[in-house]
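Q: Provided below are the primary sequence and the corresponding predicted coordinates.
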Amino acid sequence: MIEAYSREWWRATLALCLGSFTVFINLYAPQPLLPELRHTFGISTLIVGLAMSASTLTLAVALLCFGSLSDAIGRRAIMRVTLLLTGACSLGLTLVPSFELLLAVRALQGFVLGGLPAVAIAWMGDEFDKRALMLAVGLYISANTLGGIGGRIIGGTAAQFGGWQSSFLAVGALSVVCVALFWKLLPPARHFQATAFEWRSALVSIRGHLGNPVLLAAYLIGGLNFLIFINQYSYITFRLSESPYALSTQWLGMIFLTYLGGTLGSALSGRVAQRLAQPTCMMLGIAILMIGTLITLASSLTVILVGLTINAFGFFFCHSMASSWVGRQALHARGSASALYLVFYYVGASLGGFYLEPFWLLAGWPGVATASWLVLALTLLTAGWLRRRERSLRACHSAIG
């Protein structure tokens, strides 16, 4: 097994971080463009939000396919091919003449985007020892945040000077470079053990994961937290594009620099988890996310940005813990277990607009914040249940020992 901080660990971790960066610059590039797309195509906030939801929903579907398939054929080839197709879709988006066609290409892109996140953590679980896995997952999710930041800043800045089409051109070109490096750096798997792929056995594995209350709790925490977090950013762009802020597309892209809080949170998560139980870390992350949401109610743009930064720290801190928790708790079909976590994660992202839209229409941003707290209170209670359960199991093992 690959040990933490070895040369091979750094090489593999860098490759997976580049792959993660590529996925998320493509997934999130349209988010700062939403107000411009709404104006260009004359559509509502709910409809324009489908530019994000179409990709996250098909990505969720793809995760089930790629996760189970990777248990049979391996993970490296899936990651390579889907990353290449991801960049091709972004380049193709520069040519779409209508919003309907844009949605179709985004849906296709979402499907191929699912290749790497479906199997990356499972690849690490196969090849890394326990300590190397926990540290690598934190860095990998840090790359998620950097990709999210990069895609939005590149997208917003390019649109400011060349229109929304230029956003996809810039992201597509950068993707090609990152994919080339990924192909070169990622080493072949040495500890992967293939299992014959059968839909029936894949469904049995998925049913088993969903029947495991410990895994299901982590799935709900990841999905519901992301439902709130990612869609808060969509609605904050609508808030800040209007008076009294009236931010341009370029500056709307810049607000996603607050994701750096998430980069820090996910990078620190592995170290904190060596001191605190993972469910405790999840609770801490959710509590920080709730505090940040409360801070965004301020009218000052500076204070709003501080609140968003705190949100990002708390969300990605919790996400790192929940995703690695799944990798540790799954006793079989690890690829499909990790993929199922991300299915919940991205289905949550897809449904968030439908959940938050009535609150937005009724009360604006305070309505969004209230709706957020309702869901986050539920995930905090769920993480608390995991914490109590783990303590009970430890007490039982101590008594037996």
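A: Arrived safely, thanks for sending. Numbering: from 1, shown residues only.
Q: by mean pLDDT, which helix or strand of this protein comes out lowest?
A: helix 199-210 (a mean of 77; mean pLDDT, DSSP states H and E).
Q: packing partners of it?
A: helix 50-73, helix 213-241, helix 334-400 (3 or more CB pairs under 8 Å, 6 or more residues apart in numbering; DSSP states H and E). C-beta coordinates here come from the backbone N, C-alpha and C atoms, glycine included.
Q: include distance to residue 11 and mean neighbour count when you put these into JSON lines, please.
A: Formatted as JSON lines, the entries for the helices and strands packed on helix 199-210 read as follows, by distance: least, CB to CB, whole Å; neighbours: other CB atoms under 10 Å:
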{"stretch": "helix 50-73", "distance to residue 11": "20", "mean neighbour count": "23"}
{"stretch": "helix 213-241", "distance to residue 11": "28", "mean neighbour count": "23"}
{"stretch": "helix 334-400", "distance to residue 11": "21", "mean neighbour count": "19"}
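Q: in the least confident helix or strand of the chain, which residues are buried?
A: Neighbour-count burial for helix 199-210 flags 201-202, 205-206, 208-209 (criterion: 16 or more other CB atoms under 10 Å).
Q: including distance to residue 276, could the helices and strands packed on helix 199-210 go into CSV?
A: Compiled in CSV, the helices and strands packed on helix 199-210 are given as follows (distance: least, CB to CB, whole Å):
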stretch, distance to residue 276
helix 50-73, 29
helix 213-241, 16
helix 334-400, 10
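Q: wait, residue 153 sits on residue 255?
A: No: proximity of residue 153 to residue 255 does not meet the contact threshold set by CB atoms under 8 Å, at 9.4 Å.
Q: more neighbours, the two?
A: Remark: of residue 153 and residue 255, residue 255 carries more neighbours, 24 against 21, as counted by other CB atoms under 10 Å.
Q: my guess is the more buried one contacts residue 239. True?
A: No: distance between residue 255 and residue 239: 10.4 Å, which falls outside the contact criterion (CB under 8 Å).
Q: report the distance from stretch 38-46 to the chain centre.
A: A distance of 25 Å separates the C-alpha centroid of stretch 38-46 from that of its chain, computed with CA atoms, centre = their mean, to the nearest Å.
Q: try stretch 306-317
A: 14 Å.
Q: cool, and stretch 337-355?
A: Computed by CA atoms, centre = their mean, the chain-centroid distance of stretch 337-355 equals 9 Å.
Q: what about residue 96, which SS state?
A: In the three-state summary, residue 96 is assigned as coil, counting by DSSP: H, G, I helix; E, B strand; the rest coil.
Q: then residue 245?
A: coil.
Q: could you check the pLDDT of it?
A: pLDDT, residue 245: 93.
Q: residues in contact with it?
A: 239, 301 (CB atoms under 8 Å, 6 or more residues apart in numbering).
Q: so how far is residue 154 from it?
A: Per CB to CB, to the nearest Å, residue 245 is found 22 Å from residue 154.
Q: what stretches of the stretch 201-350 of the chain score poorly on pLDDT?
A: For the stretch 201-350 of the chain, the stretches flagged by pLDDT under 70 are 202, 331, 335.
Q: is it true that residue 216 touches residue 206?
A: No: assessed by CB under 8 Å, residue 216 is found out of contact with residue 206, at 11.6 Å.
Q: circling back: contacts for the least confident helix or strand of the chain, please.
A: Where contact means CB under 8 Å, 6+ apart, the residues beyond helix 199-210 that reach it are 64, 68, 71, 195, 215-216, 219, 330, 332-333, 336-337, 340.
Q: for residue 128, grab phi and psi.
A: With angles defined as degrees, to the nearest 10, residue 128 shows backbone torsions of phi -100, psi 150.
Q: should've said residue 211
A: For residue 211, the backbone dihedrals are phi -80, psi -10 (criterion: degrees, to the nearest 10).
Q: neighbours of it, how many?
A: The local packing count at residue 211 equals 9, with neighbours defined by other CB under 10 Å.
Q: for it, give its distance to residue 65.
A: Here residue 211 is placed at a distance of 21 Å from residue 65 (CB to CB).
Q: before we move on, what about residue 80?
A: The value you get for residue 80 to residue 65, if CB to CB is used, is 16 Å.
Q: repeat that for residue 226.
A: 20 Å.
Q: got it, and residue 209?
A: As it turns out, when the distance is counted by CB to CB, residue 209 lies 15 Å from residue 65.
Q: same deal with residue 203?
A: When CB to CB is applied, the distance between residue 203 and residue 65 equals 12 Å.
Q: can you list contacts of stretch 11-20?
A: Residues from elsewhere that reach stretch 11-20 (CB under 8 Å, 6+ apart): 2, 79, 83, 116-117, 120, 123-124, 127-128, 136, 139-144, 147, 178, 181-182, 185-187.
Q: if any of the residues you listed are buried, give me the PyMOL selection for them.
A: This is how PyMOL selects the buried members of the contacts of stretch 11-20, with burial counted by 16+ other CB under 10 Å:
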select buried, resi 2+79+83+116+117+120+123+124+127+128+136+139+140+141+142+143+144+147+178+182+185+186
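Q: among the contacts of stretch 11-20, which lie within helices?
A: With helices taken from DSSP state H, the overlap with the contacts of stretch 11-20 comprises 79, 83, 116-117, 120, 123-124, 127, 136, 139-144, 147, 178, 181-182, 185.
Q: hmm, back to that, now for the helices and strands packed on helix 199-210, which one comes closest to residue 274?
A: When those are ranked by proximity to residue 274, the top entry is helix 334-400, at 15.5 Å, counting by CB to CB.
Q: against which helices or strands is that closest one packed?
A: In this structure, helix 334-400 packs against helix 45-48, helix 50-73, helix 115-127, helix 199-210, helix 213-241, helix 278-295, helix 301-329, with contacts taken as 3+ CB pairs under 8 Å, 6+ apart.
Q: apart from its neighbours in sequence, what residue is nearest residue 138?
A: Taking CB to CB, 6 or more residues apart in numbering, and ignoring the residues beside it in sequence, residue 138 has residue 270 as its nearest neighbour in space, at 3.8 Å.
Q: residue 181 now?
A: By the measure of CB to CB, 6+ apart, the closest residue to residue 181 outside its immediate chain neighbours is residue 18, 5.4 Å from it.
Q: for that neighbour, pull up the helix or strand it's in.
A: Using DSSP states H and E, the secondary-structure element containing residue 18 is helix 7-28.
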